[in-house]
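Novice: Predicted coordinates and the sequence they were generated for:
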Amino acid sequence: MMGYWTSLAGGILIGLSCGLYYLLNGKIPGISGLLARAFSYQKGWVERFFLFGVFIAPILWRVVCGYWPGVSVQIPWFLIVCSGLLVGFGTRMGNGCTSGHGVMGIARLSLRSFVAVFCFLGTGILTACLMHYYAQH
C-alpha cells in the first residue's frame, strides 16, 4: 500500500518541478535537453541546479526513510549497456526523451509527443514481454 502513496507523491513532485521549471525558465525540462544545456559554457546554472536535484533526491530519500528507492534489477551488464545505447539513440532520433515528451509534451497536447510516448511505451511493453517470455523458456 505504501508504494502507491510514494508513487503518487513522486508523480506530483515531478509535475510540480517540471511546471515550475517551465514557468521560470521558459524551457521544457526533458533530461536529455537539460543535460545538453547544463554543459554549455555561458548558460546552464538553472539546468545544473535541476539536475543536482535529480541526483540528490534518492540520497535524501535514503537519509529520511532509511532505504534506497527503486527496485533491484538482475540482468547482465552488457544488456544494460546495450539498452542505454538504444535509449540514447532513440532519444536523439525522437528529438527528446520520455520526460520531455511524456510529462511536458503531453501536457501541452503535442501530437509529436503523443506519437513519441506511444512508441516509447509500445517498445517498452514489447521488450518486457519478450524478456519475460525468454526468461520462462
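Specialist: Okay, I see it. Numbering: from 1, shown residues only.
Novice: ok, how many other residues are close to L35?
Specialist: L35 has 15 neighbouring residues, counting by other Cβ atoms under 10 Å. All C-beta atoms are positioned from the backbone trio N, CA, C, and that covers glycine.
Novice: Also the one 5 residues further on?
Specialist: The tally of other residues near S40 (other Cβ under 10 Å) stands at 9.
Novice: How much space separates it from T91?
Specialist: Per Cβ to Cβ, to the nearest Å, S40 is found 18 Å from T91.
Novice: For R108, grab phi and psi.
Specialist: The phi/psi pair for R108 (degrees, to the nearest 10) reads phi -90, psi 10.
Novice: Could you shift the numbering so residue one becomes 637, and keep it that way?
Specialist: I'll keep to 637 as the first residue from here, and by that count the last item is R744.
Novice: Could I get the contacting residues of it?
Specialist: Residues counted as contacts of R744 (Cβ atoms under 8 Å, 6 or more residues apart in numbering): none.
Novice: which strands and helices sit next to the helix or strand where A693 lies?
Specialist: Take DSSP states H and E as the rule and A693 turns out to sit in helix 681-701. Applying 3 or more Cβ pairs under 8 Å, 6 or more residues apart in numbering; DSSP states H and E, we find helix 681-701 packed against helix 638-661, helix 667-674.
Novice: then the helix or strand following that helix to PDB, C-alphas only?
Specialist: Downstream of helix 681-701, the next assigned helix or strand under DSSP H and E is helix 713-729. Presented in PDB, the C-alpha positions along helix 713-729 are these (Å, rounded to 0.1, in the frame of the first residue of the first chain):
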ATOM      1  CA  TRP A 713      25.700  -5.700 -17.600                       C
ATOM      2  CA  PHE A 714      26.000  -6.000 -21.400                       C
ATOM      3  CA  LEU A 715      22.200  -5.800 -21.700                       C
ATOM      4  CA  ILE A 716      22.200  -2.700 -19.500                       C
ATOM      5  CA  VAL A 717      24.900  -1.100 -21.800                       C
ATOM      6  CA  CYS A 718      23.000  -2.100 -25.000                       C
ATOM      7  CA  SER A 719      19.800  -0.800 -23.500                       C
ATOM      8  CA  GLY A 720      21.400   2.500 -22.600                       C
ATOM      9  CA  LEU A 721      22.800   2.900 -26.100                       C
ATOM     10  CA  LEU A 722      19.400   2.200 -27.700                       C
ATOM     11  CA  VAL A 723      17.700   4.700 -25.400                       C
ATOM     12  CA  GLY A 724      20.300   7.300 -26.300                       C
ATOM     13  CA  PHE A 725      19.800   6.600 -30.000                       C
ATOM     14  CA  GLY A 726      16.100   6.800 -29.600                       C
ATOM     15  CA  THR A 727      16.300  10.000 -27.600                       C
ATOM     16  CA  ARG A 728      18.300  11.600 -30.400                       C
ATOM     17  CA  MET A 729      16.100  10.200 -33.100                       C
END
